[in-house]
Structure formats: structure tokens, C-alpha cells
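# I would like to see how this sequence folds:
(one chain, ligands or ions: 2)
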Amino acid sequence: MPRFDDADFGVEAGPRDPRQNDAQGTLSPRDQRGSAGLAIPSDSGNTIEIPATRSSISDAAQFMHNLSLSPSMKDRRGSRNSFGTSLPIPRSPRLSRLSSVQRPGAPSVSRDILASQVQDMSKEKVETAKNMAFAFDIDGVLAHGNEPIEEAKAALKMLNGDNELGIKIPYILLTNGGGKTEVARCEQLSEILEAPISTEQFIQSHTPMQALAEYYETVLVCGGEGYKVREVAESYGFKNVVHPKDVLAWDPTISPWRCFTPEDRAEAKPRDFSKMQFDAILVFADSRDYATDMQLIMDLLLADDGKLLTRSKDPVANRIPIYFSQGDLVFPTDHKGPPRLTQGAFRIGIEAQYKAITGVDLERVVYGKPERATYTYADEVLKSWMEELHNENRLPQNIYMVGDNPQSDIIGGNMYGWNTCLVRTGVFQGKEGENDPNNPANFGVFDNVLEAVKAAVRKELGQEFKLKWNPKVNPVLHGEGVSAVE
Ligand code: G3P
Ligand code: MG
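Ligands and ions are numbered 1, 2, ... in the order given. Here you go, the predicted model:
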């Protein structure tokens, strides 16, 4: 499996912790958290540190009135360490435990042979086609929840080879969604979009967070339907995964306003949580039980070094870290009215509660678009996918991000040097001719994903490029620069 070095990302390797010279040569995740900051496990580990794009200090202050119970605490130090200044991501994007067997569609052997003959006759166009790629947002671009956006099917079909060259133009899916395994979500998307989606071209908000499994063993994992995030965290390698409902099954009174059914209880894994020490809190998806999740998160943030039923004398000094998988405030759904609240709103609630109780801003890490770490990881996935499709492990030069949310998809793509296309099928509701005033898409605004894909392909491959494969093509009669469609 190809691996890459810190230099590939333009970052310096983290400092080695002198305490690593113990008998085993390694530190436990807990020992790695010290007043000097969080140490990178080792120079040769499977993670790499990407400097944070955004401040690690919470946004709560600007969204709240002065709710603090103890204003006199304002002199307290804002943070005990610097865990929030960088976001670990995996060194290699292709971890076998995440992979599914889905591969891009292969229409037929005879068509592949014909396509390769056409491609041999059009080398220049082929090189241009391999030098472009797409990164698609999902919610509001390809689908609304489980409902496909019809134009998305045609766009993916064209990129999967239904074009004049019969060539696969690479694309990845880059979503702030999550809450189930990559394998499960790809199976679901393949079905509704009628196109095979591989886990190797797929990034959910929490996918890069698998790197955190090198740092933390015992984690509280929140969000999503049922217990699916437990499966996600375990697939990432976290050794001791606790779901909020496990804690409810142990002591339901811990959350007075809980949602906890007999079915929930049947699947729970209660343990004696009074004896457990948590290393970190991970929010992977939207909470389905705000009351319980907020209560347990607050309990752990205020606890003495992650011990659930305790209260620290100094919650800042002994606080365990908290990570959110993404920061979107709203997202498009099948609701007919305005977009609905999502994980960012939940996070601001946590931040405000923490500030109100302790008087200090919560230090936290937020993954997902528009965070640079997510785009850096996307580059690596795209390179690997290029190798899968075209046997070339390199990044195409012309990358088009197609998104519906100016505050995550577009600003992130703009900052990362990608071409950005904003569509009107999701969060952005601008009228014909309007762009987002604060985060304008640099390539343009389109009615839907198909229009965006057509415009990008025609910009790169020419206005005459045919967005349809012609099964009657005769490669002997169609050379360079001549359309394959009769
Ligand atoms: O919760 C927000 C999330 O669903 C957004 O997903 O695909 O629009 O990044 P996406
Ligand atoms: Mg979206």
C-alpha cells in the first residue's frame, strides 16, 4: 500500500515525545495528553497532522448572551493544551477495513475494447479527460436523504463512461454527512443513484477521524440512528467504544429526558461506567437524543480526567478532548420549507452550555468541509482513485467541487484552489443570475449537478464534446478531433 510522508502535505512531522523511550517505546493515548499538548504517536505511525484552518476556540460567544454563572472565572486559562491546533488524518486513504468491492461500472468487454480503440485515436482528449476530476457533495447535490436528485443519475452515468470517448472521468463523493459505515452508505447510494459507488471514492465527515484511533482507546461516540456509530468507530479501530445508550442501560436516571426504548435496551452494552476512564468524545453525526447526548457530553467535559460520575475542581485542566465530525448549521432535507438544523447547531448548544457553566470557551476540533484536513485527505483519495481507474497515482490538475452550501462546500473549495460550482438544489436558494455574496462559486451557479458537470466537461474538452457514448462508433473512421457520434 503506498504511503506518504509529512513533506507531501507541506507540514512538519510532530515532535517526538521524550517519554517514548519506555520499555515498549510507546505511550498510552492517555499519557500522550499532557500539559504540553497532544503528542503524535510516532513518526512512522499511520497518521499525519494537518494544521487547523479554523481557530479551536468555540463560536459560542457570538451566538449567546452572557449566560455565565461565574463571570469571575474569566481570568482562568482558556485551554490546558493544544490538541485543537491540528487535525490528524490517516497517512494512507486506502485502509482495507473500510473497503467495499464496488468498482466503477463495466458496461461490457466489447464496449471496453471499442472505447480503448476510440481513445487510442484521441490521445489529446484522453489526456485532458484524465486531467480533470469532480468532488461531489451529496446532500442537496446528488440526493436529499434517500431520494436521488434525478439529474445526478445522468451526470454520474456520463462520468462513468457514457461519453464520446467511453472514458471514466474520475470523481469522488465528499460529504459532511455520516452516521453509518462507509460500506453501508456506498451500498445505499449505489442503489438510489443507479451507479456503483466504491468506498475508495467516498469520504464522509468522520472518515478521516479514523486517525484518532491511534490516540484514544476509550471513546464516547454520539449521533446517528440506533447503534450504527458504534460499528463505524469499531471499523476505524477504536478499542473501547461507548454509545450513550450503553450508559442509559447502566443507569437511566443519568439523563432525565432520555429517549430509550425496550429495543434500545436489548442492543445496549452496559458496563460499570463508574470505573471507566474516557479518553475522548467523538460526535459522528446528528444526535437523535439531544437531552442524553448533551448531558453525557457535558458530564464528561466537566469530569475529573474523563471519569463519568466525578466533577473536576478545574474542568479546564482535566478536560478530555471533544471532536465534532462537521460544522454545518443547516442542511437540505425533503422538508418543503427552509433547510433544517444539523450538527453545527448541536455543537453551538454544547459550547454555550459549557461557557455558561464554566465561564470559559470550549476548546474543540471540528472536522469536515471546509476544514483543510478534509480537502487534504480528499486529494489523497482522489490520487488513489486515479490509480484505480487509470493506473496513474497523481492528482488531476482541474478539480471541480460541486456543492449546495456556500459556507462549507464552496468556501472550502475556493480556499483549496479548486474550481467551485454552486447548485440550486439544496441549501443555496439564490435566484437565476445570483451567486452567493459572501462565498461566491468561482466557476458559476447552476440549476443542478448535471448542468454543472456539462459546463465543466465542455470547458475542458470543448463545446462539441459529446456527452453520450455511441455504440455504433467505428474507430477506424473517427480519428483525433472527430466526434465519435455519427
Ligand atoms: O448534516 C449535514 C450533512 O448532511 C451535509 O451533507 O453531503 O451536503 O455535505 P453534504
Ligand atoms: Mg450539501
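# How about the residues of the stretch 151-300 of the chain by ligand 1?
Within the stretch 151-300 of the chain, the positions adjacent to ligand 1 are 175, 176, 177 by Cβ under 6 Å from any ligand atom. Where C-beta positions appear, they are placed from N, C-alpha and C, glycine not excepted.
# so the last one sits right up against residue 140, yeah?
Read it as residue 177. No: with contact defined as Cβ atoms under 8 Å, residue 177 does not reach residue 140; the gap is 10.3 Å.
# Quick check: neighbours shared by the two?
Shared contacts of residue 177 and residue 140 (Cβ atoms under 8 Å, 6 or more residues apart in numbering): residue 331.
# Quick one: end-to-end length of stretch 249-265, please.
End-to-end distance for stretch 249-265, by Cα to Cα, to the nearest Å: 6 Å.
# and what of stretch 427-438?
Chord length of stretch 427-438, first to last residue, is 14 Å (Cα to Cα).
# How about stretch 397-408?
Start-to-end span of stretch 397-408 (Cα to Cα) is 22 Å.
# buried stuff in it?
Neighbour-count burial for stretch 397-408, counted by 16 or more other Cβ atoms under 10 Å, picks out 399, 400, 401, 402, 403, 404, 405, 406, 407, 408.
# now the third one: how far from residue 319?
I take that to be residue 401. Here the criterion is Cβ to Cβ, to the nearest Å. By it, residue 401 lies 35 Å from residue 319.
# now the second one
Distance, residue 400 to residue 319, by Cβ to Cβ: 41 Å.
# follow-up on the earlier one: within reach of ligand 2, which of the buried residues of stretch 397-408 are there?
Contacts with ligand 2 within the buried residues of stretch 397-408, counted by Cβ under 5 Å from the ion: 404, 405.
# Most widely separated two among the buried residues of stretch 397-408?
The most widely separated members of the buried residues of stretch 397-408, counting by Cβ to Cβ, are 399 and 407 (19.7 Å).
# roughly how far is the helix ranked longest in the chain from the heart of the chain?
Counting residues, the longest helix found in the chain (DSSP state H) is helix 372-390. Its chain's C-alpha centre and that of helix 372-390 lie 13 Å apart, by Cα atoms, centre = their mean, to the nearest Å.
# ditto for stretch 214-225
15 Å.
# Pretty sure residue 122 sits against residue 166.
No: counting by Cβ under 8 Å, residue 122 does not reach residue 166; the two are 10.3 Å apart.
# Most neighbours out of the residues of the stretch 151-300 of the chain next to ligand 1, which is it?
Counting by other Cβ atoms under 10 Å, residue 176 has the largest number of neighbours within those, with 31 neighbours.
# any weak-confidence spans in the stretch 101-250 of the chain?
Applying pLDDT under 70 to the stretch 101-250 of the chain flags residues 101-109.
# any idea how far residue 132 is from residue 306?
Distance from residue 306 to residue 132, by Cβ to Cβ: 47 Å.
# With neighbour numbers in mind, choose between the two.
Neighbour totals were compared for residue 306 and residue 132, and residue 306 leads with 25 against 21 (other Cβ under 10 Å).
# neighbours around the closest residue to the more buried one other than its chain neighbours, how many?
Distances taken as Cβ to Cβ, 6 or more residues apart in numbering place residue 278 nearest to residue 306, at 3.9 Å, with adjacent residues excluded. Here the number of neighbours of residue 278 (other Cβ under 10 Å) works out to 23.
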